[in-house]
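In: Sequence below, structure please.
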Amino acid sequence: MTQFARRGRLSPDVAAGRRRVLGSVRQHVPRSSTEPPFVLVACSGGPDSLALAAVAAHFARRGRLRVGAVVVDHGLQADSAAVAANAARTLERTGLSPVVVTAVTVRRDAGGPEMAARTARYAGIAEVVRRTGADAVLLGHTLDDQAESVLLGLARGSGTRSLAGMPPVRELDGVIYLRPFLDLSRAQTLQICAAEQLVPWHDPTNRDTTLMRSRVRHRVLPLLEDELGPGLARALARSAAILGPDADYLEGAAADLLERARAAAPELPGSLALDLATVRAAHPALRRRVLSAAVVAAGGQTPAYERLGALDEFAAGHGAAGPVQMAGKVSVWRRRPTAGTRGPGHLELVRPGPAGATRPASASPEERREG
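Out: Predicted coordinates:
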């Protein structure tokens, strides 16, 4: 018997899932005085997202939430349309409505197969949210997914934000995404499916060890568990939970500092300027974040570790006046104080326009010779 209209004790895994779903929606979805929150479950038919759908369906039956679902057909396998249609039928039987199947096109040149599929998936989900008016989307990522993300971040030599893994709540392109199951294991989602008498679909690509995440899942993490002892996945996920608020705090402080550094610098049409005194006085943890954010704000790309280190040294006053070239065709110049002002001057970040000019007009003759 399923957990709906059951007799006997509620499955502890189902109870845990229900607490997390309701708690996440209550905390992060704006409430209406007349209508219950309307959420969509992003469901592939796999065990994690199917368990999430079954848990959310409980609150739809109780009238505490309106719950629909979106099934994304990536078109990467010959039977993908049939798999999506079968998932949709299962979701409809659990009581979710509406259940929308959306087909997307995965562009193979978008940063590797996993990133390309992810980009297409989120674009498809966002379109369904706009059509249905949903307040938020529930994603079925688990503690095991979080552990894999942290381990991949460690392998890349990433910083605090990447090591914080996937956030429990995120807004992307105007859509609120919630991950209520980040502290539930994959084994628990399988138990939820069994308790609800649901047969999940197992994506064959999850066994494809030519993909980095699959190798981490099936080879690296089991090996580390064998060598370091059980509980490693939970420990990695716990590290992410600790680092997440730290990353949020540092990014907020860096955003405030960036605003102050821009306000204290002269206004330069077509360029972004940062006051050097403000930047140099900052703690390195904030200073590097400000420089990275400034490059992005100027139209460039997030700098790699080595490029960001070079920019930090440049801002400290080492070397010639520039330019330092950053990814995304952003050039950074170090400028002397403007007339009537004191201090070390400012940084100027400029991205060439259609004509391809790389040297901004604000450079003085002395700086042109120095550069």
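In: Flag every buried residue along stretch 83-102.
Out: 83-84, 87-88, 90-91, 94, 96, 98-102 (16 or more other CB atoms under 10 Å). Yep, even glycine has a C-beta here, placed from its N, CA and C like the rest.
In: That should have said stretch 204-222, apologies.
Out: Buried, per 16+ other CB under 10 Å, within stretch 204-222: 205, 213-214, 216-217, 220-221.
In: what do you get for stretch 320-339?
Out: 321-324, 326, 330-336.
In: Distance to residue 145, secondary structure and pLDDT for the residues you listed - can I get that in JSON lines?
Out: Converted to JSON lines, the buried residues of stretch 320-339 look like this (distance: CB to CB, whole Å; DSSP: H, G, I helix; E, B strand; the rest coil; pLDDT from 0 to 100):
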{"residue": "321", "distance to residue 145": "47", "secondary structure": "coil", "pLDDT": "78"}
{"residue": "322", "distance to residue 145": "43", "secondary structure": "coil", "pLDDT": "78"}
{"residue": "323", "distance to residue 145": "41", "secondary structure": "coil", "pLDDT": "91"}
{"residue": "324", "distance to residue 145": "38", "secondary structure": "strand", "pLDDT": "92"}
{"residue": "326", "distance to residue 145": "32", "secondary structure": "strand", "pLDDT": "94"}
{"residue": "330", "distance to residue 145": "34", "secondary structure": "strand", "pLDDT": "95"}
{"residue": "331", "distance to residue 145": "39", "secondary structure": "strand", "pLDDT": "95"}
{"residue": "332", "distance to residue 145": "37", "secondary structure": "strand", "pLDDT": "95"}
{"residue": "333", "distance to residue 145": "43", "secondary structure": "strand", "pLDDT": "94"}
{"residue": "334", "distance to residue 145": "43", "secondary structure": "strand", "pLDDT": "94"}
{"residue": "335", "distance to residue 145": "46", "secondary structure": "strand", "pLDDT": "92"}
{"residue": "336", "distance to residue 145": "51", "secondary structure": "coil", "pLDDT": "89"}
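In: Now distance to residue 287 too, for the buried residues of stretch 83-102, in TSV please.
Out: Listed next are the buried residues of stretch 83-102 as TSV, based on distance: CB to CB, whole Å:
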residue	distance to residue 287
83	49
84	48
87	48
88	50
90	52
91	49
94	51
96	48
98	49
99	49
100	46
101	48
102	43
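In: Which ones among the residues you listed lie within helices?
Out: Among these, DSSP state H puts 83-84, 87-88, 90-91 in helices.
In: how about those in a markdown table, adding pLDDT and distance to residue 113?
Out: Below are these laid out as a markdown table (pLDDT from 0 to 100; distance: CB to CB, whole Å):
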| residue | pLDDT | distance to residue 113 |
| --- | --- | --- |
| 83 | 90 | 18 |
| 84 | 91 | 19 |
| 87 | 92 | 21 |
| 88 | 93 | 25 |
| 90 | 94 | 27 |
| 91 | 95 | 26 |
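In: on that earlier part again, tell me the one among the buried residues of stretch 83-102 nearest to residue 190.
Out: Proximity of the buried residues of stretch 83-102 to residue 190 (CB to CB) peaks at residue 90, which lies at 15.5 Å.
In: measure the closest one to residue 215 for me?
Out: 30 Å (CB to CB, to the nearest Å).
In: likewise residue 251?
Out: Using CB to CB, we find residue 251 at a distance of 30 Å from residue 215.
In: try residue 253
Out: Note on residue 253: its distance to residue 215, by CB to CB, is 36 Å.
In: same thing with residue 183?
Out: Taking CB to CB, one finds residue 183 at 24 Å from residue 215.
In: which ones are touching residue 274?
Out: Going by CB atoms under 8 Å, 6 or more residues apart in numbering, residue 274 touches 258, 261-262, 265, 290-291, 294, 346-347, 349.
In: hmm, I was thinking of residue 168
Out: Neighbouring residues of residue 168 by CB under 8 Å, 6+ apart: 24, 178-180, 182, 244.
In: Repeat the analysis, applying 6 Å as the threshold.
Out: The contact partners of residue 168, taken as CB atoms under 6 Å, 6 or more residues apart in numbering, are 179, 182.
In: Distance check, it against residue 265.
Out: Distance from residue 168 to residue 265, by CB to CB: 36 Å.
In: repeat for residue 238
Out: On the measure of CB to CB, residue 238 and residue 265 end up 41 Å apart.
In: Looking at these two now, which is surrounded by more residues?
Out: Just comparing residue 238 and residue 265: by other CB atoms under 10 Å the higher neighbour count belongs to residue 265, 23 against 16.
In: bridging residues for the nearest residue to the more buried one once chain neighbours are set aside?
Out: Spatially, and ignoring its direct neighbours in sequence, residue 265 is nearest to residue 273 (3.7 Å; CB to CB, 6 or more residues apart in numbering). Going by DSSP bridges, residue 273 is paired in beta bridges with residue 348.
In: Spit out the contact partners of residue 273.
Out: Contacts of residue 273 (CB under 6 Å, 6+ apart): 265-266, 346, 348.
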